[in-house]
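> Model the following, please.
(one chain, ligands or ions: 1)
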Amino acid sequence: MSMKIIQVKDYEELCQKAAQILLQRVKDNRRLRLGLATGGTPVGVYRNMVQDHLDHGTSYREIQTFNLDEYLGLAPDHPQSYHAYMEEHLFRWVDLQPNKTHIPDGKAADPEAECRRYEEMIQQQGGIDLQLLGIGVNGHIGFNEPGTPFDSTTRVVQLAESTRRANARFFSEQEEVPTHAITMGIGTIMKSREILLLASGTSKAPVMRSMLQQEVSEQLPASVLKRHPRAQVIADQDALSLVEEELLQRFR
Ligand SMILES: O=P(O)(O)OC[C@H]1O[C@](O)(CO)[C@@H](O)[C@@H]1O
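Residues are numbered from 1 along each chain as shown. Predicted coordinates for the structure are as follows:
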């Protein structure tokens with residue numbers, strides 16, 4: 001199977017659909033190794049998972065999670081760190097075990113060593129079964145900006161200015177947005193057995209068109225998913241508003 005697109009009406013439906021797929025995998029495999037993403041898009045997905053946990057008691061006790069990335073220089077308790085984001089939106093509400101949730105340490109004394117440790121730990125734990133992804137307006141996945149080699153692994157990267165601008169909304173000032181991050185590489189992401197990418201809203205419409213239209217290229221990191229044997233994209237009508245119906249048909 002090659003990359004498939006699930007088209008949904010709006011953000012709410014996107015979140016329901018994504019949560020439904022994640023929950024199914026969690027129920028099928030109590031020891032699932034789940035790759036998690038941050039950013040605005042997955043917030044509603046996590047809300048649906050929390051609601052399901054409260055309503056139906058779906059348990060995460062044996063689940064391991066691996067986050068894609070973390071800002072360099074932000075301690076876990078910094079309010080804009082991805083550690084804090086995960087606590088706020090998911091970890092504190094469900095029964096995930098703290099020793100089974102993994103996020104790169106943005107405050108590591110030796111960031112290069114931290115990257116090696118993180119990459120090795122993922123592979124030692126058996127690799128990721130299902131990786132959740134968002135997409136940046138420039139096509140980045142994780143913090144893998146355009147030009148990232150497809151065989152890259154976990155490493156320190158410099159953020160593109162467009163990424164820092166897009167994420168400035170979470171900080172009080174643009175200057176506070178870190179300039180660097182630790183991110184899984186494209187190679188790390190592509191080793192996942194299954195991938196689920198989410199795209200919502202008109203700001204993602206141009207990049208979604210490019211991703212579907214253009215050849216696979218390191219200039220558009222998310223395009224690599226067209227080479228993954230089990231990748232699905234859930235996108236709402238706004239995100240697909242610039243994609244011609246004929247092109248969409250090829251990914252159904
Ligand atoms: O969901 P958003 O906020 O549009 O972000 C898209 C992507 O950009 C990032 O937030 C990084 O800039 C990723 O973590 C995310 O997947």
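> Tell me how many other residues crowd whatever residue of the stretch 1-150 of the chain ends up closest to the ligand.
The stretch 1-150 of the chain approaches the ligand most closely through G134 (2.5 Å), counting by CB to the nearest ligand atom. Glycine gets a C-beta too; all of them are placed from N, C-alpha and C. G134 has 20 neighbouring residues, counting by other CB atoms under 10 Å.
> now the one 5 residues further on
Other residues within reach of G139 by the criterion other CB under 10 Å amount to 23.
> next one: T38
When neighbours are counted by other CB under 10 Å, T38 registers 26.
> Also M86?
Neighbour count of M86, defined by other CB under 10 Å: 23.
> For D69, see how far away it is.
Separation of M86 from D69 (CB to CB, to the nearest Å): 11 Å.
> residues shared between the contacts of those two?
Shared contacts of M86 and D69, defined by CB atoms under 8 Å, 6 or more residues apart in numbering, are found at T38.
> Identify the residues contacting the residue of the stretch 1-150 of the chain closest to the ligand.
Counted by CB under 8 Å, 6+ apart, G134 has contacts A37, T38, G39, G40, T41, P42, I141, L197, L198, A199.
> redo that, cut-off 10 Å
Residues in contact with G134 (CB atoms under 10 Å, 6 or more residues apart in numbering) are 37-42, 68, 140-142, 197-200, 204, 222.
> ok, and does the host helix or strand of A235 reach over to the ligand?
Assigned by DSSP states H and E, A235 falls within strand 231-236. No - with CB under 6 Å from any ligand atom as the criterion, the ligand is not reached by strand 231-236; the gap is at least 12.3 Å.
> Could you grab the helix/strand/coil label for the nearest residue to S241 once chain neighbours are set aside?
Spatial nearest neighbour of S241, excluding adjacent residues (CB to CB, 6 or more residues apart in numbering): A205 at 4.9 Å. Three-state assignment for A205 (DSSP: H, G, I helix; E, B strand; the rest coil): helix.
> separation between A205 and L242?
4 Å.
> okay, those two: which has more neighbours?
In terms of neighbours (other CB under 10 Å), A205 is the more surrounded of A205 and L242; the figures are 19 against 16.
> That one contacts A239, doesn't it?
Yes - the pair A205 and A239 qualifies as a contact (CB atoms under 10 Å) at a distance of 5.8 Å.
> who touches both of those two?
Jointly contacting A205 and A239 under the rule CB under 10 Å, 6+ apart are A199.
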